[in-house]
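Need a 3D model of the following:
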Amino acid sequence: MTQNDSGFVGSIPEIYDTYLVPLIFEVYANDLAERTAALAPNRVLETAAGSGVLARALAPLLAPDARYFVTDLNQPMLDHAASKQDPDSRIVWQQANAMELPFDKATFNAVVCQFGVMFFPDRVAAYTEVRHVLKPGGCFIFNVWDRIETNQFADVVTQAASTVFPDNPPLFTARTLHGYHDFELIQDELIMAGFSNISIDTLEETSTAPSPRHPAIAYCQGTTLRNEIESRDASLLNHVTDRAEAAIAARFGNGPVSGMIRGHVVTAS
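Reported below is the predicted structural model:
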């Protein structure tokens, strides 16, 4: 992971939440929330919470006496998430590094992470931190994206951006978002961190948008792909977005568009 990969700053959190969340994240957040709530946990930790899409789905499903710690390394994203959540005395918003969790051993029944583990610079170390804060019998539940070719809008946008910078293509989406999908690697890293009873489910869904412009903005301006584009030539951000829009329209049409998305849900205890 490069520094650009974790740089959710400026207008990225708002664009991320407005465009990318309904495009690809909400359906998986609802699934993760239901899986977590089925465990009836009274103390839950979320790491890499991002703009809060999972918190908005999970909090209403938790018991009235539950405590839910929502954390992220990036303060602007955490501030944005808190601003979007209804007042809830059960939720604690706390900036925290998943590599060094500031909680006592055996504190939580469940730890959840919505498409965040791909950003961890040392996943085994991060998973070890999760195991440390889980109570005996507790569960770690997270999701990751499948390879980029099975996530069609992401693939088309990445290819379009690469045509603008052929000598130095911005590959954040392929490298980071869709770079951690090998089942054997995921299982091995969890086992090295001390987990067992590992299961992985694949969920294929359909991503829809009102126009080709919507996914173009979502990926080019609402993820840290934007940082990569601007580091090459900030004046070309809108041009890359236009190129991505045209590529999506050429493949999916000029009206409302639909494309395949696929992710994996990992449960370990």
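
Let me have stretch 200-220 in CSV, keeping just the CA atoms, if that works.
The C-alpha trace of stretch 200-220 is given here as CSV (Å, rounded to 0.1, in the frame of the first residue of the first chain):
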residue,chain,number,x,y,z
ILE,A,200,-15.3,-17.5,2.9
ASP,A,201,-18.5,-16.8,1.0
THR,A,202,-18.6,-15.2,-2.4
LEU,A,203,-21.4,-12.7,-3.1
GLU,A,204,-22.0,-11.5,-6.7
GLU,A,205,-24.3,-8.5,-7.0
THR,A,206,-25.4,-6.0,-9.6
SER,A,207,-24.2,-2.4,-9.4
THR,A,208,-26.6,0.2,-10.9
ALA,A,209,-26.2,3.9,-11.6
PRO,A,210,-28.4,6.5,-13.2
SER,A,211,-25.8,7.4,-15.9
PRO,A,212,-22.3,6.5,-17.0
ARG,A,213,-21.1,9.8,-15.3
HIS,A,214,-22.0,8.5,-11.9
PRO,A,215,-19.5,5.6,-11.7
ALA,A,216,-16.9,7.7,-13.5
ILE,A,217,-17.0,10.3,-10.7
ALA,A,218,-17.3,7.6,-8.0
TYR,A,219,-14.0,6.0,-8.9
CYS,A,220,-12.0,8.9,-10.4
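
What residues of it count as buried?
With burial defined by 16 or more other C-beta atoms under 10 Å, the residues of stretch 200-220 counted as buried are 207, 209, 211-220. C-betas here are computed from N, CA, C, even on glycine.

which one of those is nearest Gln94?
The closest of these to Gln94 turns out to be Ala218 (C-beta to C-beta; 27.7 Å).

what residue lies at the spatial centre of the protein?
In the chain, the residue lying closest to the centroid (C-alpha atoms, centre = their mean) is Phe115, at 2.9 Å.

The buried residues of stretch 200-220 in strands, which ones?
Taking DSSP state E as the definition of strands, the buried residues of stretch 200-220 contribute 207, 209.

one step back: please tell me I have it right and the residue nearest to the centre of the chain contacts Tyr28.
Yes. The criterion here is C-beta atoms under 8 Å, and Phe115 meets it with Tyr28 at 7.2 Å.

and for those two, which residues touch both?
Taking C-beta atoms under 8 Å, 6 or more residues apart in numbering as the criterion, Phe115 and Tyr28 both touch 143, 263.

residue boundaries of the helices in the stretch 151-269 of the chain?
For the stretch 151-269 of the chain, the helices defined by DSSP state H, counting those that start in this stretch occupy 152-164, 172, 183-192, 213-222, 225-233, 237-252.
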